[in-house]
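[1] Prediction below, plus the sequence it came from.
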Amino acid sequence: MTRMARRGAAVTVLAACATLALAGCGTTSEQTGGSAEAGKPEKCGADGKYTIGMSQANRGEPYRVRMDDDVQKAGSKVPQFKVELADAQKDSARQAEQVQTFITQKVNLIIVSPNEAAPLTDIVKKAYNARIPVIVLDRKTTTEDYNQWIGADNIKIGEAAGKYFAEKLLPQGGEILEIRGLSSSTPAGERGDGFRKGAGDKIKIVAQADAEWERDIAVTKATELLRSHPNIKHVYAHNDPMAEGVYKAAEQLGRKDIVVTGIDGLPIDAGGIKAVEAGRLAATFVYPTAGKEAIETAKKILVDCQSVAKQQLLQTELVSKENAQQVYTRLNAG
């Protein structure tokens, strides 16, 4: 089955479950979120052993590889935990199947970073209503049927990027290009909306393209945009790999005048902070992976038998040439 066929099948099945409550899709109580026991683990306590299943949207992005690594590293420090990782490979149907497998296996807690919001909503709700605590990272689902969402405020990050363009890069105003993330994922919409708010009327986005968060796709998309708009020199990319893709496209076109900003700010050699330090990017904005925080929340739920807040908001910061080395050192020290 192709990726598109698989995705279409999953959406059809999930829709049927929601409207017809077909056998095998879960009971009505599992699907509607009405149980007061939803999200409460069947067992908890310091003397237990717990399996955590994590489904990652994809491992094609360095950010998500780092997120998995952070989850594994933090999980290895909790003696009661065993962490199992699954890669959805940008396929929402595959990811829904992975979560269903975790439900069938009766893992003690699920961590999921959704590929897309809507296709993952019902299966996350099903796990939550089956008394399997669920922690959602970075991207959201369309309901709050989970124990906790952990991430930074993508609207505020986008707004900060917009202000950076309006105040630092183009204080007199100007035209730019935008390379967006996967259009059906929540961060893409929020980072775009926030940017427009922060930039105000001074900055005009004349063209945009969806590069699905990936560097190689961004090279192709940016090449097309830069050729179509040869007079535009500034580009806003929704993450650092795509920003690096823009830089590569500009380099291949002989466009040394292109100025690019991104988001993620990973403290790794191939990450955005080093790209800023090297001069390939004008700036980036740190977007924490939430891997360590996810395990801390899992420990509160399973080991400490505590309830947790519905949302945990992480802080971000601007990384420019002036502070890149300092931020890199500080984040790796943590």
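    Sure, I can see it.
[2] Quickly list what the residue lying closest to Asn231 once chain neighbours are set aside is bridged to.
    Excluding the flanking residues, the one nearest Asn231 by C-beta to C-beta, 6 or more residues apart in numbering is Glu175, at 7.9 Å. In this view, the C-beta of every residue, glycine as well, is placed from N, C-alpha and C. Following DSSP bridges, Glu175 is listed with bridge partners Lys204.
[3] Checking Gln172 next. Helix, strand or coil?
    Three-state call for Gln172 (DSSP: H, G, I helix; E, B strand; the rest coil): coil.
[4] Pull the contacting residues for the residue lying closest to it once chain neighbours are set aside.
    Closest residue in space to Gln172, ignoring its immediate chain neighbours: Lys202 at 7.8 Å, by C-beta to C-beta, 6+ apart. Residues near Lys202 by C-beta atoms under 8 Å, 6 or more residues apart in numbering: 166, 170-174.
[5] Tell me where the stretch 201-334 of the chain has helices.
    Here the stretch 201-334 of the chain has its helices, by DSSP state H, counting those that start in this stretch, at 215-228, 240-252, 272-278, 291-302, 324-333.
[6] okay, those helices in JSON lines with distance to Lys49 and mean pLDDT next?
    Putting these into JSON lines (distance: least, C-beta to C-beta, whole Å; pLDDT from 0 to 100) gives the following:
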{"stretch": "helix 215-228", "distance to Lys49": "40", "mean pLDDT": "97"}
{"stretch": "helix 240-252", "distance to Lys49": "37", "mean pLDDT": "98"}
{"stretch": "helix 272-278", "distance to Lys49": "38", "mean pLDDT": "97"}
{"stretch": "helix 291-302", "distance to Lys49": "10", "mean pLDDT": "97"}
{"stretch": "helix 324-333", "distance to Lys49": "32", "mean pLDDT": "93"}
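[7] between those helices, which gets nearest to Lys77?
    Lys77 sits nearest to helix 291-302 of all the helices of the stretch 201-334 of the chain, at 7.8 Å, using C-beta to C-beta.
[8] What's the ChimeraX line that selects buried ones from the contacts of Lys202?
    Those of the contacts of Lys202 that count as buried under 16 or more other C-beta atoms under 10 Å are selected in ChimeraX with:
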select :166,170,174
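[9] got the contacts of Lys202 as TSV, with pLDDT columns?
    Shown next, in TSV, are the contacts of Lys202 (pLDDT from 0 to 100):
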residue	pLDDT
Ala166	97
Leu170	98
Pro171	97
Gln172	96
Gly173	96
Gly174	97
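[10] And the contacts of Lys202, which is closest to Asn332?
    Nearest to Asn332 among the contacts of Lys202 is Ala166, at 31.4 Å by C-beta to C-beta.
[11] quick one: contacts for that closest one?
    Taking C-beta under 8 Å, 6+ apart, we find Ala166 in contact with 173, 198-200, 202-203.
[12] And Lys43, by the same measure?
    Residues in contact with Lys43 (C-beta under 8 Å, 6+ apart) are Asn108.
[13] For it, which three-state class applies?
    Look at Lys43: counting by three-state DSSP, its state is coil.
[14] How confident was the prediction at it?
    Lys43 carries a pLDDT score of 95 in this model.
[15] separation between it and Glu178?
    From Lys43 over to Glu178 the distance is 48 Å, taken as C-beta to C-beta, to the nearest Å.
[16] Please apply the same query to Asp269.
    Per C-beta to C-beta, Asp269 is found 27 Å from Glu178.
[17] Neighbour count: those two, which is higher?
    Glu178 (20 against 8; other C-beta atoms under 10 Å).
[18] mind listing what's buried in the helix or strand Lys197 falls within?
    Taking DSSP states H and E as the criterion, Lys197 maps to helix 186-199. Neighbour counts over helix 186-199 (16+ other C-beta under 10 Å) mark 186-192, 194-195, 198-199 as buried.
[19] ok, back up a step: now, the most widely separated pair of the contacts of Ala166?
    Checked with C-beta to C-beta, these reach their widest spread between Gly173 and Gly198, with 13.8 Å between them.
[20] May I have the distance across stretch 262-270, first residue to last?
    14 Å (C-alpha to C-alpha, to the nearest Å).
[21] which residues are in contact with that stretch?
    62-63, 66, 157, 161, 191, 237-244, 271-275, 281, 283-287, 289, 316-317, 319, 327-328, 331-332.
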